[in-house]
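In: this one's sequence-less:
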């Protein structure tokens, strides 16, 4: 009797080892593309560290750090085209910024400003989703629409390992499989769903092997190897564009910081585990070593790049903190393209009450 064993993991695809040396075929990317990806990772880490400090100073609200996951995000977003649909969770700011989201918009979101949820008009990036796994279904809908319209665009949904325990994960993968939707499900398996380790979330050895049950392709890549992520994502996107259906990509990575700024990971996470990932598997260090060995990056460029990133983030902070305050009546105006009479009356009533309160002060 042939039995499929749940403890037989999908192999982990790698291009670079921890020292930045190739252990597999290197993608045929121009030097400026490689350097651009590295710069995106440096900018992302700089932004993340600054945002964390801003939250500690009370200048922004709750924030979800992503340090350690830059390769998974930059490597996958580097494959996407402008007309592709992106449905992120709350930990994809590295990729969103790389794909064109202004940094001040990301900060405004954490400051509670409604414009923080706006994305560039010429973009198909959706705002971050807080409700776990619901964005997977949104991506399936967008991908299905692309197929019905005969477009070559694909839809991508980003989520963490914890989302795979939600019912929406099953519904999205099943629907996408049945109708061969051009969608990529990109799971950043960072080891923890807040304080719950992957070993307590599922009995299957990997997330990627769950694809078998839905009759779709599953790919498992080293999420701290930006080139492995790029290759895995390229295969998934190419399959979708060619009408070959959805793919589940698992990027095995690690969350170096807390789940959010409201979390204390020292209460549940082993310090030695964190030290191992930080010192031996940092995705930025790995990619920098690769570029240096290729002769396309130097110590002088390294120093200049981090300084450039700090300036860019500083400027974004200034723009965010000097941004005009929001008019609370906006809450009535963004629901419909054309306001209904009821909403218009409610807005006018609210403005009248607000005006009276100001006059009493």
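Out: Arrived safely. Values in this document were obtained by computation on a predicted structure and should not be read as measured data. Numbers count the residues shown, from 1 in each chain.
In: what are the ranges of the helices in the stretch 101-250 of the chain?
Out: 103-110, 134-149, 167-178, 211-214, 226-241 (DSSP state H, counting those that start in this stretch).
In: Residue 68: which of those is closest?
Out: Residue 68 lies closest to helix 226-241 among the helices of the stretch 101-250 of the chain, at 12.6 Å (C-beta to C-beta). Yep, even glycine has a C-beta here, placed from its N, CA and C like the rest.
In: Off-centre distance for the closest one?
Out: 15 Å (C-alpha atoms, centre = their mean, to the nearest Å).
In: Can you report how many residues lie near residue 188?
Out: Neighbour count of residue 188, defined by other C-beta atoms under 10 Å: 29.
In: For residue 79, grab phi and psi.
Out: Main-chain torsions, residue 79, degrees, to the nearest 10: phi -80, psi -30.
In: Residue 179 touches residue 144, doesn't it?
Out: Yes: contact criterion C-beta atoms under 8 Å: residue 179 and residue 144 qualify, at 6.3 Å.
In: can you tell which of the helices of the stretch 101-250 of the chain is closest to residue 71?
Out: For the helices of the stretch 101-250 of the chain, the distance to residue 71 is smallest for helix 226-241, at 3.9 Å, taking C-beta to C-beta.
In: What residues sit buried inside the closest one?
Out: Buried positions in helix 226-241, judged by neighbour count with 16 or more other C-beta atoms under 10 Å: 226-233, 235-237, 239-241.
In: Arrange the residues you listed in JSON lines, one row each, with distance to residue 66 as further columns.
Out: Formatted as JSON lines, those follow (distance: C-beta to C-beta, whole Å):
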{"residue": "226", "distance to residue 66": "14"}
{"residue": "227", "distance to residue 66": "19"}
{"residue": "228", "distance to residue 66": "18"}
{"residue": "229", "distance to residue 66": "14"}
{"residue": "230", "distance to residue 66": "18"}
{"residue": "231", "distance to residue 66": "21"}
{"residue": "232", "distance to residue 66": "19"}
{"residue": "233", "distance to residue 66": "17"}
{"residue": "235", "distance to residue 66": "24"}
{"residue": "236", "distance to residue 66": "21"}
{"residue": "237", "distance to residue 66": "22"}
{"residue": "239", "distance to residue 66": "27"}
{"residue": "240", "distance to residue 66": "25"}
{"residue": "241", "distance to residue 66": "27"}
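In: if we can go back for a sec, show me which of residue 179 and residue 144 is the more surrounded one.
Out: residue 144 (18 against 15).
In: Now do the same for the helix or strand hosting residue 273: mean pLDDT, whole number.
Out: Element membership of residue 273, judged by DSSP states H and E, is helix 271-280. The predicted model assigns helix 271-280 a mean pLDDT of 94.
In: Residues touching it, excluding its own?
Out: The list of residues contacting helix 271-280 from outside it, by C-beta atoms under 8 Å, 6 or more residues apart in numbering, reads 18, 68, 254, 256, 265.
In: how far off helix 271-280 does the next helix-or-strand element following that helix point, in degrees?
Out: Sequence order places helix 283-293 as the next helix or strand after helix 271-280, per DSSP H and E. Compare the direction of helix 283-293 with that of helix 271-280 by axes from the mean of the first three to the mean of the last three C-alpha atoms, to 10 degrees and you get 20 degrees.
In: Now helix 283-293: buried residues?
Out: For helix 283-293, using 16+ other C-beta under 10 Å, the buried residues are 283-291.
In: got it, and stretch 164-183?
Out: Per 16+ other C-beta under 10 Å, stretch 164-183 contains these buried residues: 164-166, 168-170, 172-173, 175-177, 180-183.
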